[in-house]
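1. sequence unknown, structure follows:
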């Protein structure tokens, strides 16, 4: 867990709350003192163990929670940044995030009976690494964005320097071809119930599994959704959160969600994001 100046010695202070998620949960752009997990610890008067990892998807955050035998906190928070919907249907992040080379990741798929199935991280033999670099689609079982796959992305050559423009730009062009309005939030379509990636369904099932695991262990689950800037701006312009379908689907399952976007809007007042 991240170091917490409020309660720096984990051996002396067991955590009452634990956090899982990506950089929004980890609080990547501030120091340990100003990380919101540490601020929460000072407010709660007990240690908060921050297990967030920058770049993680909701799938990886859930797996870290599930495998973390050292965590016995009574309250467990799962943080979901709105853009995680993309990460939850990919195995090789460099296709979408080419600023640096990211390691491979596992992912989940929906089975034939609607159950959540873990697709393990692909293993690439050293002698086939060159083949993987040129043809990642031969190795990635559940990456929606692989070249030649359902995302309609053409073959990209390593190091995929133009991949963000090509992949996300293609999402915009696809809307235009269908005569649909173009949205400012490039991942908005992935929250549709009929999206071919099944990103919404997979994300809902991951959160439901997290919720069920916590309840079975007698722990209190808390799900928090964070909007990043584009989804916040979209809400201020249209009055609708791009992740409304996620909130609705989780509500149908009896899972309460803290929409941190509402808190941000209150805090902003009339100021620009």
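-> Good, I have the coordinates. The model shown is predicted, which means the values in this text are computed figures rather than measured ones.

2. From now on I want contacts and neighbour counts done on CA atoms only, so please keep to that.
-> Will do.

3. Report the mean confidence score over the helix ranked longest in the chain.
-> In terms of residue count, the longest helix belonging to the chain (DSSP state H) is helix 199-216. Helix 199-216 carries an average pLDDT of 98.

4. List the buried residues for it?
-> Buried residues in helix 199-216, counted by 16 or more other C-alpha atoms under 10 Å: 199-208, 210-211, 213-214.

5. ok, now stretch 245-262?
-> So, applying 16+ other C-alpha under 10 Å, buried residues of stretch 245-262: 246-247, 249-250, 255-257, 259, 261.

6. Include pLDDT when you put those into JSON lines, please.
-> Supplementary listing: the buried residues of stretch 245-262 in JSON lines, determined by pLDDT from 0 to 100:
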{"residue": "246", "pLDDT": "98"}
{"residue": "247", "pLDDT": "98"}
{"residue": "249", "pLDDT": "98"}
{"residue": "250", "pLDDT": "98"}
{"residue": "255", "pLDDT": "97"}
{"residue": "256", "pLDDT": "92"}
{"residue": "257", "pLDDT": "97"}
{"residue": "259", "pLDDT": "98"}
{"residue": "261", "pLDDT": "97"}
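
7. Out of the residues you listed, name the ones that lie in strands.
-> Among the buried residues of stretch 245-262, the members falling in strands (DSSP state E) are 257, 259.

8. Output the buried residues of stretch 245-262 in CSV; the columns should cover distance to residue 111.
-> Putting the buried residues of stretch 245-262 into CSV (distance: C-alpha to C-alpha, whole Å) gives the following:
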residue, distance to residue 111
246, 20
247, 23
249, 19
250, 19
255, 22
256, 25
257, 25
259, 29
261, 32
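
9. Just give me the closest of the buried residues of stretch 245-262 to residue 267.
-> residue 261 (9.7 Å; C-alpha to C-alpha).

10. Would you mind confirming that that closest one makes contact with residue 234?
-> No - judged on C-alpha atoms under 8 Å, residue 261 makes no contact with residue 234 at a distance of 11.2 Å.

11. ok, which stretches of the stretch 151-273 of the chain are helices?
-> Secondary structure of the stretch 151-273 of the chain, counting by DSSP state H, counting those that start in this stretch: helices at 163-177, 199-216, 229-238, 244-252, 260-268.

12. what inclination does the last one have with respect to helix 229-238?
-> Same thing as helix 260-268. Angle of helix 260-268 versus helix 229-238, following axes from the mean of the first three to the mean of the last three C-alpha atoms, to 10 degrees, is 70 degrees.

13. Could you list every helix and strand that helix 260-268 packs against?
-> strand 220-226 (3 or more C-alpha pairs under 8 Å, 6 or more residues apart in numbering; DSSP states H and E).

14. What are the buried residues along the strand it packs on?
-> Going by 16+ other C-alpha under 10 Å, strand 220-226 has these buried residues: 220-226.

15. Of these, which pair is most distant in space?
-> 220 and 226 (19.5 Å).

16. how about the strands in the stretch 1-150 of the chain?
-> Ranges of strands in the stretch 1-150 of the chain, per DSSP state E, counting those that start in this stretch, are 15-20, 47-50, 75-81, 107-110, 116-119.

17. For those, give me CSV that also has mean pLDDT.
-> Converted to CSV, these look like this (pLDDT from 0 to 100):
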stretch, mean pLDDT
strand 15-20, 98
strand 47-50, 98
strand 75-81, 98
strand 107-110, 95
strand 116-119, 95
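
18. so which of these is the most packed in?
-> The highest mean neighbour count among the strands of the stretch 1-150 of the chain, using mean count of other C-alpha atoms under 10 Å, belongs to strand 47-50: a mean of 26.

19. and for that one, what are the contacting residues?
-> 1-2, 4, 6-7, 10, 13-20, 25-26, 37-38, 40-41 (C-alpha atoms under 8 Å, 6 or more residues apart in numbering).

20. Repeat the analysis, applying 6 Å as the threshold.
-> 1-2, 7, 15-19, 41 (C-alpha atoms under 6 Å, 6 or more residues apart in numbering).

21. Tell me how far it lies from the chain's centre.
-> 20 Å (C-alpha atoms, centre = their mean, to the nearest Å).

22. ok so, going back, with distance to residue 89 added, can I get the contacts of strand 47-50 in CSV?
-> Converted to CSV, the contacts of strand 47-50 look like this (distance: C-alpha to C-alpha, whole Å):
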residue, distance to residue 89
1, 26
2, 27
7, 36
15, 32
16, 32
17, 28
18, 25
19, 22
41, 33
